[in-house]
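Novice: no sequence for this one, just the structure:
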């Protein structure tokens, strides 16, 4: 089974109609995945037959009269990484909390994977990982700064503090597939930085493009599906995800007494109140009962 992650910033005048049409087309192609639709564009991941995914891309390109083909990051998986196909409306396709930022009008300079190593090894360049802290924890590039965010919406505060210190230093920014950097670099330009670069296609494109001897990425790359993370070969990594807080868990985390499958982990045990713990425990029981019946329990996810 193929998995394709893609996005495109553009002006979408009628996202509601486009959402409905895209949902029907993806269902007809028997695909699984999640696609976010907003006035600022489209962002999604599709899983299924490669020809069917390419058919969806061709439909989007024709429907939106795109001048350039959709660029996607492709990986393989033996199991479906999604349970259903959902096309959802959002205020932003990646939530920075700044819908006024328009990356399709102005964004940073793309750097291809082949030039990335030289850029981040320059001591005069500040390398910034724009992902959330729980993603940075399991893998990143050497000397990259972790802004310490729990959500991308918090990145604006970090950016404004950095700009208040100085806007003279060149920036090299990266994320999973490139979309967060599109907005992050656009924000940095607005804040007064002049030399702003970002990794074209993100970490996934870098891992796909770079030979092992030249690969500088350390650890695994978090992905937003049931694979949780992929390794340097883009194969499914060694992490699982906590149902309660959605953070990636290592084998050491799973061995902790604070880990209760479907309920808590060492990273969220102190954030868990009794009411939420009871709800999660009840859901865990329902999942176990469904498994015994040979069914898959698909209830509402806890936020």
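Specialist: Perfect, I can see it now. Keep in mind that what you see is a predicted model, and the values were worked out from it rather than measured.

Novice: Kindly report the domain assignment for the protein.
Specialist: As given by automatic domain parsing, the domain ranges for the chain are 2-89, 109-219, 239-303.

Novice: what's the closest of those domains to residue 232?
Specialist: domain 109-219 (5.8 Å; C-beta to C-beta). Backbone N, C-alpha and C define where each C-beta goes, glycine included.

Novice: Span of that closest one from start to end?
Specialist: For domain 109-219, the first and last residues are 26 Å from each other (C-alpha to C-alpha, to the nearest Å).

Novice: before we move on, what about stretch 219-228?
Specialist: 13 Å.

Novice: Might you quantify the distance of it from its chain's geometric centre?
Specialist: 9 Å (C-alpha atoms, centre = their mean, to the nearest Å).

Novice: Check the average confidence over it, would you?
Specialist: Mean per-residue pLDDT for stretch 219-228: 86.

Novice: ok so, going back, just put the domains of the chain in CSV and tack on distance to residue 103 and mean neighbour count.
Specialist: Shown next, in CSV, are those (distance: least, C-beta to C-beta, whole Å; neighbours: other C-beta atoms under 10 Å):
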stretch, distance to residue 103, mean neighbour count
domain 2-89, 5, 17
domain 109-219, 4, 18
domain 239-303, 26, 14
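
Novice: closest to residue 98 out of the ones you listed?
Specialist: Closest to residue 98 of the domains of the chain is domain 109-219 (C-beta to C-beta; 6.3 Å).

Novice: So which of the domains of the chain is nearest residue 227?
Specialist: Nearest to residue 227 among the domains of the chain is domain 2-89 (5.4 Å), distances taken as C-beta to C-beta.

Novice: quick one: that closest one to chain centroid distance?
Specialist: On the basis of C-alpha atoms, centre = their mean, domain 2-89 sits 15 Å off its chain's mean C-alpha point.

Novice: that older thread, per-stretch mean pLDDT over the domains of the chain, give me the minimum one.
Specialist: domain 239-303 (a mean of 72).

Novice: In this structure residue 218 contacts residue 140, no?
Specialist: Yes. Using C-beta atoms under 8 Å, residue 218 is in contact with residue 140, at 6.5 Å.

Novice: Enumerate every residue touching residue 43.
Specialist: 6-8, 35-36, 93-94, 179 (C-beta atoms under 8 Å, 6 or more residues apart in numbering).

Novice: for it, phi and psi?
Specialist: With angles defined as degrees, to the nearest 10, residue 43 sits at phi -150, psi 120.

Novice: Bridge partners for it, pull those for me.
Specialist: The partner list for residue 43 in beta bridges (DSSP bridges) reads residue 7, residue 36.

Novice: Show me where the stretch 201-303 of the chain has its strands.
Specialist: 218-219, 221-222, 229-230, 240-241, 248-249 (DSSP state E, counting those that start in this stretch).

Novice: Dump these to a markdown table, plus distance to residue 101.
Specialist: Listed next are those as a markdown table, based on distance: least, C-beta to C-beta, whole Å:
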| stretch | distance to residue 101 |
| --- | --- |
| strand 218-219 | 29 |
| strand 221-222 | 24 |
| strand 229-230 | 28 |
| strand 240-241 | 29 |
| strand 248-249 | 28 |
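
Novice: Spit out the contact partners of the nearest residue to residue 254 once chain neighbours are set aside.
Specialist: Using C-beta to C-beta, 6 or more residues apart in numbering and skipping the chain neighbours, the partner closest in space to residue 254 is residue 240 (7.0 Å). Residue 240 is in contact with 228, 248-249, 254, counting by C-beta under 8 Å, 6+ apart.

Novice: again, but for residue 114
Specialist: By C-beta under 8 Å, 6+ apart, the contact set of residue 114 is 209-210.

Novice: Quick one: end-to-end distance for stretch 166-180.
Specialist: 22 Å.

Novice: Equivalent analysis for stretch 96-111, please.
Specialist: Stretch 96-111 has its terminal residues 22 Å apart, counting by C-alpha to C-alpha.

Novice: can you map out the helices along this protein?
Specialist: 15-28, 50-63, 113-120, 133-136, 155-165, 179-190, 202-209, 251-254, 274-293 (DSSP state H).

Novice: Looking at the contacts of residue 240, which two lie furthest apart in space?
Specialist: Applying C-beta to C-beta across the contacts of residue 240, the maximum distance is between 228 and 254, 12.2 Å.

Novice: ok, residue 28 - contacts?
Specialist: Per C-beta under 8 Å, 6+ apart, neighbours of residue 28: none.
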